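Undergrad: Below is the sequence, then the predicted model.
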Amino acid sequence: MRPCRHGTPARPFGPHLRGVDGVFDGTFRYSKVSSRGLLKLDGTLEGTLPEFREWCVKYYARVTCRQVFSTLNEAVEIVKDPSSALKYKGLPKSRRRKIMFTIYALLKFLRKIKKTNIQYPTATIRQILGIENEPPKLLEYVEEEPIIKQAEEIMAKTTKLNEKSAYRLAGETGFFTGLRWPEIRYLINNYRDLKKLQHMEATIVEINYLRRSKNAYVTIVPEKLHVKLLENTKQLGVNADRELRDTYGIKFSILRKAHLAICSTTMNELEIDLLQGRIKPKLLGLLSEITRKHYVKHLRKIAEKYLQAYQPYINKYLR
């Protein structure tokens, strides 16, 4: 038996895990059919994978789907046999995190779409994979290349592109807004139609690009970038980020992290979350009308903090 953190023996993995009206036997076969008739007798996990892939494409962003599909084999094996997680403990931490995310995605699919009420030891799997409760290794952050320096290297490549290029505009927008690629594309392609508010040398733009858990309500751009966005007449394609990454080395994930690092010098966490699209609709819905009005008025203050943080980069990269 495995000892748990309190010293008492824990139950072994295997048949004690239960599904809807049936026992999970380690192969994801159920001994009974659910009362709702939603599970087929002896239905295997592998049989639902094509449907799971289709669900992922509809539910997650393209980048997330690539991550899920790249670790799907490992995740399926661990879902079928939790003890198999032990052999993946030696993988790089980033890979182990991706496997855990895919396990969560599988469980969400099984519960929401297949309507199974399966109980699964996710906390134990996280412990086995060693992806939590590890003390921070602060010296690693000192030794690794600062994220802002990486972003500036990307911007150096961006400025070599044609001044009127839509790809250059995409790189500049990514650096100065910290938005995700779908939001950057939406902003550029629809900029003239979006509601805007000028404040000092910044433009506050209402995006309202909502995608389940990822919701970009507003962003802030410098006045010089605002002018370039208004003058732009070119549209960006859905997969343009691939060419930007593979051909020009423009990685929006790095630009997004750099935006967070730059803004954190003058803003608090909630202000950055608002600009980076991490505030949930439910949270805004819980706020009273008075609080929401105050929050909106506070956008001018956020814009001032934004200009203070980004002023050196505006002078350097925007002509």
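TA: Alright, I've got the coordinates.

Undergrad: so what pLDDT did residue 22 get?
TA: What the model reports for residue 22 is a pLDDT of 35.

Undergrad: what does the one 10 residues further on give?
TA: Residue 32 is assigned 33 on the pLDDT scale.

Undergrad: all helices of the stretch 101-250 of the chain, in order?
TA: 122-129, 138-143, 147-158, 166-177, 181-189, 223-231, 240-248 (DSSP state H, counting those that start in this stretch).

Undergrad: For the stretch 101-250 of the chain, give me the ranges with low pLDDT.
TA: Applying pLDDT under 70 to the stretch 101-250 of the chain picks out residues 132-145, 212-213.

Undergrad: coming back round to it: columns distance to residue 269 and mean neighbour count on top of the helices of the stretch 101-250 of the chain, output as CSV?
TA: Backbone N, C-alpha and C define where each C-beta goes, glycine included. Below are the helices of the stretch 101-250 of the chain laid out as CSV (distance: least, Cβ to Cβ, whole Å; neighbours: other Cβ atoms under 10 Å):
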stretch, distance to residue 269, mean neighbour count
helix 122-129, 24, 17
helix 138-143, 18, 8
helix 147-158, 17, 16
helix 166-177, 18, 24
helix 181-189, 20, 21
helix 223-231, 24, 16
helix 240-248, 27, 16
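
Undergrad: right, and the ones you listed - which one's nearest residue 79?
TA: Between residue 79 and the helices of the stretch 101-250 of the chain, the tightest spacing by Cβ to Cβ is seen for helix 122-129, at 9.2 Å.

Undergrad: wait, doesn't residue 189 sit right on residue 236?
TA: Yes: Residue 189 is within contact range of residue 236, at 6.1 Å (criterion: Cβ atoms under 8 Å).

Undergrad: is residue 218 in a bridge, and if so with what?
TA: With DSSP bridges applied, residue 218 shows beta-bridge pairing to residue 206.

Undergrad: What separation do you get for residue 236 and residue 181?
TA: 9 Å (Cβ to Cβ, to the nearest Å).

Undergrad: With residue 124 instead?
TA: According to Cβ to Cβ, residue 124 and residue 181 sit 35 Å apart.

Undergrad: now residue 209
TA: Per Cβ to Cβ, residue 209 is found 11 Å from residue 181.

Undergrad: Then residue 160?
TA: Applying Cβ to Cβ to residue 160 and residue 181 gives a distance of 21 Å.

Undergrad: now do residue 79
TA: Residue 79 is 30 Å from residue 181, by Cβ to Cβ.

Undergrad: Identify the residues contacting residue 89.
TA: Contacts for residue 89 (Cβ atoms under 8 Å, 6 or more residues apart in numbering) come out as 96, 128-130.

Undergrad: can you check residue 104 too?
TA: Applying Cβ under 8 Å, 6+ apart, the residues contacting residue 104 are residue 122.

Undergrad: do residue 77 as well
TA: Residue 77 is in contact with residue 84, counting by Cβ under 8 Å, 6+ apart.

Undergrad: can you pull the pLDDT of it?
TA: Note on residue 77: pLDDT of 88.

Undergrad: just the one 4 residues further on next, same as before
TA: The per-residue pLDDT reported for residue 81 equals 83.

Undergrad: With residue 265 instead?
TA: The per-residue pLDDT of residue 265 was computed as 89.
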